[in-house]
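K.L.:
could you look at this predicted model? Sequence included:
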Amino acid sequence: MTSTAATAPVPKERRYDLVGFLEKYGVLLFLVLLIVLFASQNPRFISMRNISNILTEVSIYGIIAVGMTCVILTGGVDLAVGSLLAFSAMCAASVVVMLGDTFPLSWLAALVIACLVGTAAGYLHGKTITKLNVPPFIVTLGGMTIWRGATLILNDGGPISGFDEGFRWWGRGDVLGIPVPVIAFALVSAAGYITLRYSRYGRAIYAVGGNPEAARLSGLDVKRIVVSVYVVVGLLAGLSGFLLAARLGSAEAVAGISYELRVIAAVVIGGTSLFGGLGGVGGTIIGSILLGVLLNGLVMLNVSAYYQQVVIGVIIVIAVAFDTYAKSRRSGKH
Amino acid sequence: MTTDHLLRARGIRKSFPGVKALDGVQLDVVAGEVHALLGENGAGKSTLLKILAGAQPADEGTIEFEGRALSPADTPMLRQRTGIVTIYQEFNLLPALSVAENMYIGREPLRNGLIHWSRLYEDAGKVIRDLGIDLDPRDEVRSLSVAKQQMVEIAKAMTVKARLIVMDEPTAALSGREVDQLLDIIRDLKSRGLGIIYVSHKLNEVKAICDRFTVFRDGRYVTTGAVADATVNDLVRHMVGREVVGVKRHPSGVVGEVVLKVEGVSRLKAVSGTSATALSDMSVHVHAGEIVGFAGLVGAGRTEMARVIFGADPCDSGTVRVLNKQVVLRSPRDGIDAGIVLVPEDRKQQGCFLSHSIRHNMTLPSLGRLSKMRWFVDEAAETRMIEEYRRKLSIKMSSDKVAIGTLSGGNQQKVLLARCMALNPKVLIVDEPTRGIDVGAKAEVHQVLFDMAAQGVAVIVISSELPEVMAVSDRIVTFMNGAITGSTPGSEATEEQLMNLMALGARRPEAEMALAA
């Protein structure tokens, strides 16, 4: 029988596919390149202490980035995570101070409060998006200013400090030499990766982002899934707020300013498409680390903070432009 | 009809990464002829059209238009100005602008550097009247029916003084009278000396309107001939390379109890954001093992009715009963839980997750069954299911991990069918199951529907192709303007009778209920 319609493209010529290779490993390669570059300029860059610093820094926004990956996969975005980080930390700190020095498990109270606040705010975002049909960009943009305002109101713009050892261990302590925040990041990343890759919920997230109408016609509760990803990222923002407060020893009103850009950059550099439906946690982890390496390395090279902004911006644009090019080259030829 | 060679393409080759789309094809068109370009999906027709339009350069080959060689570096704009205009299946219109603006986009008449609006509407009106079509130059394109939008595309082609018009599946979204109107316009264009390349899967139309045909298969040129000298079977044989027997429904006679009973469905307002038809007092019954065809013109309310039955859209009143138990349908989830599944009308927009794998596409609604501990996906069970349906439906795929967007239309449709079949439905609704699918795959899809019915599933087939509805259905329910006008046994139905019911008849639903006894 003669073959009928040509289906998936079967490689007939074995030409070296540079673009495809770069698409898969480009970011990783770039990361390695940066590490080599920075290390060569300043050997202290790859000292244990500095690596530990970098990873701890990365963990704080990396945890949020895992949640942001889910949000962006559904075709949405959450601009409020930085403000939410600060607000949940400030709430937690207020409660801890209220409970007083004699309260034994202040860290537990702080953790629970921070996560609850983040979850509740995330739920609010999600419901506003799905019930009122306001675009996520707008809702979370509003959230960004609202939660920042609430943070300032809570303590008149000032920080709250005075946490006990038990609390501060969560930001400064370590287990077998690995900083606690890094362990938290590893656990959250693992959970995120496994969920997106192997669970029904993960498949549902990709479906909603890939084609919301087709997802609905396949029987998925699209609204519930959308709300859930904002809840998740809110929860993780709360968790990060807790860890950051523990690390700094205080809840700052200015904590997390412009973190949302950093988080989104990490996700996007890692290969997740802003249009939804494509990407994953693996890329986000690499993107987060790359951002951390970049920021730390530039500081080590004594590059001014202003230039850092420019560098980050340029890298984001290049990363997305390349990703878009690689994708368009591969699909849509039929 | 003169014998000047309008277009002469020779030795066209085009490859994409990993695929040889065209392998030395040729095409000749003379002025004043309608030339059919035939071939299955994946044969290379679209690629050649894009090359002619200037959207893609060929790797090798020559194209001569009116005796002059065309440069591969031409832009689409340049090709248009040269006189080659392409009308794509999904139109290239700007919905928010008026007919006149669309016709003259980028070439609006100016006065002192600003658009001369009265001239614009006047010029547009002249072209429209000259073509003899019924359009108001000031109408917003998005308010027009699909058929009218197509007229806008043709009028647009006339404003650039096209001498070769390429039409890609021009009647895919048209029905009945609209098709006739289009064919009349094409005959008119023909008489003015234009050449037309007509790409279509509808071979009876090709027989009706085209003078010559050229066939591609797997990127290669097969043959050219006069349409008058070939039968539809001949054309199919050239396209496919083998005999294809169209399947015809032989009612098994074994029809069971009433599985689906829909009564009194009405919806006065249209669903927001769509141009959906309002529905009035619609009732339908389907038995186990029965295939009911929904016939009607575009906009008659068939898809709207199907979506209400499935739970995709709400209605103001009406009841749906499955196996005599009433079901409340607030969402597609409710429909699926009740045993009703729907393969949507537009597989690209509403069915497929184009950039996701075949695996994801096929198993999504079934993951509840294919799970470990209700949270994780059981990939081994998934693989087994995919393999089962790959065999059952003869789906051509190299691996289930490739994106479904790389499959041909026919195979995509099969994946969507598999997705629905895997849910073991009691009621299967397929909306335009073979739109844009080649002849070979079409017969396979029909056979799948017959097999489903043989297993006792109640099947509803919605199609705008009357021959398809007649070939496939046990009983044909006709729709018109949001109401049901009749129910005719497949064995008794004639095309004329059905057309009457679809276009003129306004019989009450009593006819439907009388036959349900």
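P.N.:
Okay, I see it. Numbering: from 1, shown residues only, chains lettered A, B, ... in the order given.

K.L.:
roughly how far does A:Leu141 sit from chain B?
P.N.:
According to C-beta to the nearest C-beta, to the nearest Å, A:Leu141 stands 24 Å off from chain B. C-beta here means a position set from N, CA and C on the backbone, and glycine is covered the same way.

K.L.:
and that residue, how many neighbours?
P.N.:
By the criterion of other C-beta atoms under 10 Å in any protein chain shown, A:Leu141 has 16 neighbours.

K.L.:
go on, A:Asp174?
P.N.:
A:Asp174: 14 surrounding residues under other C-beta under 10 Å.

K.L.:
got a pLDDT number for the residue lying closest to it once chain neighbours are set aside?
P.N.:
Distances taken as C-beta to C-beta, 6 or more residues apart in numbering or on different chains put A:Val180 closest to A:Asp174, at 6.2 Å, once the chain neighbours are dropped. pLDDT, A:Val180: 96.

K.L.:
now swap in A:Leu294 and tell me
P.N.:
88.

K.L.:
what helix or strand is it on?
P.N.:
helix A:281-300 (DSSP states H and E).

K.L.:
again with A:Ser52
P.N.:
Using DSSP H and E, A:Ser52 falls within helix A:48-73.

K.L.:
C-terminal to that helix, what's the next element?
P.N.:
Downstream of helix A:48-73, the first helix or strand assigned by DSSP H and E is helix A:81-99.

K.L.:
tell me the buried residues in that following helix?
P.N.:
For helix A:81-99, the neighbour count (16 or more other C-beta atoms under 10 Å in any protein chain shown) marks A:81-97 as buried.

K.L.:
could you measure from the residue in the stretch 51-200 of chain A that chain B sits nearest to over to B:Thr363?
P.N.:
For the stretch 51-200 of chain A, the residue closest to chain B is A:Arg200, as judged by C-beta to the nearest C-beta, at 4.6 Å. Using C-beta to C-beta, to the nearest Å, A:Arg200 is found at 10 Å from B:Thr363.

K.L.:
which one of those two has more residues nearby?
P.N.:
B:Thr363 (27 against 21).

K.L.:
what is in contact with A:Arg200 and B:Thr363 at once?
P.N.:
Common neighbours of A:Arg200 and B:Thr363, using C-beta atoms under 8 Å, 6 or more residues apart in numbering or on different chains, are B:Val377.

K.L.:
re the thing from before, ok, the residue of the stretch 51-200 of chain A closest to chain B touching B:Glu379?
P.N.:
No. Checked against C-beta atoms under 8 Å, the pair A:Arg200 and B:Glu379 is beyond contact range at 11.7 Å.

K.L.:
quick one: contacts for the residue of the stretch 101-250 of chain A found nearest chain B?
P.N.:
Proximity of the stretch 101-250 of chain A to chain B (C-beta to the nearest C-beta) peaks at A:Gly210, 4.0 Å away. Counting by C-beta under 8 Å, 6+ apart, A:Gly210 touches A:Gly276, A:Gly277, A:Leu278, B:Phe353, B:Leu354, B:Ser355, B:His356.

K.L.:
hmm, try it at 6 Å
P.N.:
A:Gly277, B:Phe353, B:His356 (C-beta atoms under 6 Å, 6 or more residues apart in numbering or on different chains).

K.L.:
show me those residues that map onto strands.
P.N.:
The strands, defined by DSSP state E, take in nothing from the contacts of A:Gly210.

K.L.:
spell out which parts of the stretch 101-250 of chain A neighbour chain B.
P.N.:
Residues of the stretch 101-250 of chain A lying near chain B by C-beta under 6 Å from any C-beta of the partner chain: A:Tyr198, A:Ser199, A:Arg200, A:Ala207, A:Gly210, A:Asn211, A:Glu213, A:Ala214, A:Arg216, A:Leu217, A:Ser218, A:Gly219.

K.L.:
what is the burial count for the residue in the stretch 401-517 of chain B positioned nearest to chain A?
P.N.:
Closest to chain A within the stretch 401-517 of chain B is B:Ser408: 3.9 Å, counting by C-beta to the nearest C-beta. Here the number of neighbours of B:Ser408 (other C-beta under 10 Å) works out to 23.
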